[in-house]
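Asker: Sharing a model prediction with you, sequence too.
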Amino acid sequence: MSKLPTRLRRNPILRELVQETQLSINDLVQPIFVTYSDKKTEILSMPGQYHVPLNIVEKEIEQLVNSGINAIILFGIPEKKDEVGLDTINDNGIIQRAVRRIKQYFPDLLIITDVCFCQYTSHGHCGILDERGLINRKKSLEYLQKQVVSHAQAGADVVAPSCMIDEMVKYIREALDNNEYEDIGILSYAVKYASTFYGPFRDAAYSTPKHGDRQSYQLYPGNIQEALKEAKIDENEGADIIMVKPALPYLDVIHQVKSIVQCPVAAYQVSGEYAMIKAASEKGWIDEGKCILETLTGIKRAGANFIITYFAMNAVQLIKENME
Ligand code: PBG
């Protein structure tokens, strides 16, 4: 008997029949940056991504919805920053306004809000600091609770804390439950590495820390036991979905996290992953479309139930073309 694996690869129909991982339009979430500026401007480090003015945000969303995207994650760029990031808890903050406005036009679109402080604080750290310049956990948790309630009140469907503060999920769940938002889900950035791949995002969100870095709260790239510990803790605290971020350098982490939690696992293909593919394809060194589909399929194969990616719109187009 000859075992010839290529038998199943000879014919395109046969290849599709035995395909193990199929990327679908429903697997993708598009990040959106909302600003107070009155002009839509391209983000230099992320070609094809924009700062979208709040007062015309529905136009941008319309394109997404028409293309078949069902879910977005919102990031806000506030007008003013301060020590505690007051905009995050203001019912008329940039995120709260954006959520209300988008829901008015597209009530069925799923809106996830990023919950953090770094875009909103003058120091650029992901929490509120004490006199020594370190994260004041208790105070940050208190403000986080106010932030999520305010997002939920505006109409967010899911809140996504990304600040890596211990017990953030526990405190957020408690605040939502105590304010009659039991049905609002928590997508926890449970496993967030201290990654250089966030560089383009920090340019886009003006959120580079003014002093120090994020190594005291984000994970060291070489550690996986710690990642599994974080995932377990957050699931036990009540996270509905666990996220691993970035995606491509951490496929093994996605895979292992998936095997130890019962809840769905998300992956975030971050700004640097996007920028790399964009830059190489602009130079003609790789095929952009194929690279997008290959990386997203790989992330899904590793175990992600869905993927947050700046390529969501492109990928939807590519998936549709492949189906024709
Ligand atoms: C906010 C946040 C960041 C990203 C998502 N939420 C930045 C960071 O941790 O520095 C990065 C997303 C990306 O790079 O695409 N804390």
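Answerer: Right, received. Where do you want to start?

Asker: Check which residues of the worst-scoring helix or strand of the chain on mean pLDDT are buried.
Answerer: Within the chain, confidence by mean pLDDT, DSSP states H and E is lowest for helix 199-205 among all helices and strands, at a mean of 89. Of all the residues in helix 199-205, those buried under the rule 16 or more other C-beta atoms under 10 Å are 200-205. Where you see a C-beta, it was placed from the backbone N, CA and C, and this is true even at glycine.

Asker: Make TSV out of these and add distance to residue 139.
Answerer: TSV is the format used below for the buried residues of helix 199-205 (distance: C-beta to C-beta, whole Å):
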residue	distance to residue 139
200	30
201	25
202	24
203	28
204	27
205	22
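
Asker: Please list which of those also come close to the ligand.
Answerer: 201-202 (C-beta under 6 Å from any ligand atom).

Asker: Regarding the chain, what is its longest helix?
Answerer: Taking DSSP state H as the criterion, the chain has its longest helix at helix 137-154.

Asker: what is the mean pLDDT for it?
Answerer: For helix 137-154, the mean per-residue pLDDT is 97.

Asker: for stretch 266-286, same thing?
Answerer: 98.

Asker: Give me the buried positions along that stretch.
Answerer: Buried, per 16+ other C-beta under 10 Å, within stretch 266-286: 266-278, 281.

Asker: Return whichever helix or strand comes after the longest helix of the chain as PDB; C-alpha atoms alone will do.
Answerer: Tracing the chain C-terminally past helix 137-154 and defining elements by DSSP states H and E, one meets strand 158-161 next. Once non-C-alpha atoms are left out, strand 158-161 reads as follows in PDB (Å, rounded to 0.1, in the frame of the first residue of the first chain):
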ATOM      1  CA  VAL A 158     -19.100  43.900  25.300                       C
ATOM      2  CA  VAL A 159     -16.300  45.700  27.300                       C
ATOM      3  CA  ALA A 160     -12.700  44.800  26.700                       C
ATOM      4  CA  PRO A 161     -10.300  45.700  29.500                       C
END
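
Asker: what about strand 158-161 and the ligand, any contact?
Answerer: No. Strand 158-161 does not reach the ligand (C-beta under 6 Å from any ligand atom); its nearest approach is 8.1 Å.

Asker: How far off centre is that strand?
Answerer: Relative to the chain's own centre, strand 158-161 is displaced by 9 Å; criterion: C-alpha atoms, centre = their mean, to the nearest Å.

Asker: Mean confidence (pLDDT) on it, please.
Answerer: Taken as a whole, strand 158-161 has an average pLDDT of 98.

Asker: who does it pair up with?
Answerer: strand 110-115 (parallel), strand 185-192 (parallel) (DSSP bridges).

Asker: relative to strand 185-192, how tilted is the helix or strand that that strand is followed by?
Answerer: Heading C-terminal from strand 158-161, the first helix or strand you meet, by DSSP H and E, is helix 168-178. Relative orientation of helix 168-178 versus strand 185-192 (axes from the mean of the first three to the mean of the last three C-alpha atoms, to 10 degrees): 170 degrees.

Asker: Could you number the chain from 37 rather than 1 from now on?
Answerer: Taking 37 as the first residue, the last one we looked at is helix 204-214.

Asker: Run through who's touching helix 204-214.
Answerer: 151, 177, 180-182, 184-185, 188, 195, 197, 218, 220, 222, 224, 226, 269-270, 273-275 (C-beta atoms under 8 Å, 6 or more residues apart in numbering).

Asker: isn't residue 67 right next to residue 107, touching?
Answerer: No. At 10.5 Å, residue 67 does not count as touching residue 107 under the criterion of C-beta atoms under 8 Å.

Asker: can you tell me which residues contact the residue of the stretch 137-286 of the chain found nearest the ligand?
Answerer: The nearest approach of the stretch 137-286 of the chain to the ligand comes at residue 237, 3.1 Å away (C-beta to the nearest ligand atom). For residue 237, the contact set (C-beta under 8 Å, 6+ apart) comprises 82, 243, 306-308.
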